[in-house]
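# Sequence first, then the predicted structure, then my questions.
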Amino acid sequence: MSRIVYVLNGPNLNLLGKRQPAIYGNETLADVEAACRRVAASLRLELRFHQSNAEFRIIDWIHEAREQAGGIVINPAAFTHTSVAILDALQTCECPIIEVHISNVHRREPFRHHSYVSAAASGVIVGFGTQGYLLALQRIARLIDEAVAQT
Ligand code: DQA
């Protein structure tokens with residue numbers, strides 16, 4: 001069972017820390033990556049951390065993950081609410097998928113209330129700030145450990 005975990009970030013998350021800090025906080029994506037690397041190391045997970053503003057890049061990383069990963073953590077950002085293509089890509093994966101949103105999308109505009117991606121997710125973490133990524137990694141590690149114990 002692979003312990004590689006892809007952490008994928010969608011559009012505008014490269015501006016984390018500068019972008020609407022009242023909603024998304026002051027941490028940068030580099031801070032989030034560093035925190036994820038610390039937690040991943042403690043959970044014996046190997047991290048592949050990526051961000052893109054382009055839908056096709058996220059899809060290509062999901063295709064990589066379906067061959068290599070034991071789990072996927074994904075914050076598809078605005079593609080959450082628009083992308084059947086990302087849903088289709090995730091539905092080709094057998095590993096656990098955790099969808100993360102920094103903000104509580106359910107407290108925001110109605111167009112943020114629907115996620116295409118949730119239909120492929122094992123779980124969804126919403127409104128926990130950037131801590132959501134770390135909780136998602138803990139969950140993936142648990143699911144990998146449980147799957148290993150069952151073999
Ligand atoms: C987001 C919520 C989305 O609605 C938004 O488009 C984002 C970030 C979040 O992490 O809270 O870009 O996914």
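Cool, the structure landed.
# which bits of this structure sit near the ligand?
Counting by CB under 6 Å from any ligand atom, the chain comes close to the ligand at 12, 75, 77-78, 80, 101-103, 105, 112. Yep, even glycine has a C-beta here, placed from its N, CA and C like the rest.
# neighbour-wise, which of the residues you listed leads?
The residue in the residues of the chain next to the ligand with the most neighbours, by other CB atoms under 10 Å, is Asn75 (25 neighbours).
# what about Val100, distance to Ala136?
5 Å (CB to CB, to the nearest Å).
# Same drill for these two, tell me which one is more crowded.
Taking other CB under 10 Å, Val100 and Ala136 do not tie; Ala136 has more neighbours (29 against 25).
# Could I get the phi/psi values of the more buried one?
phi -60, psi -40 (degrees, to the nearest 10).
# right, and it touches Ile98 too?
Yes. Ala136 is in contact with Ile98 according to CB atoms under 8 Å; the separation is 4.0 Å.
# Now the common contact residues for these two.
Counting by CB atoms under 8 Å, 6 or more residues apart in numbering, the residues touching both Ala136 and Ile98 are 73, 123, 125.
# Identify the bridge partners of the second one.
So the one you mean is Gly123. The partner list for Gly123 in beta bridges (DSSP bridges) reads Ile98.
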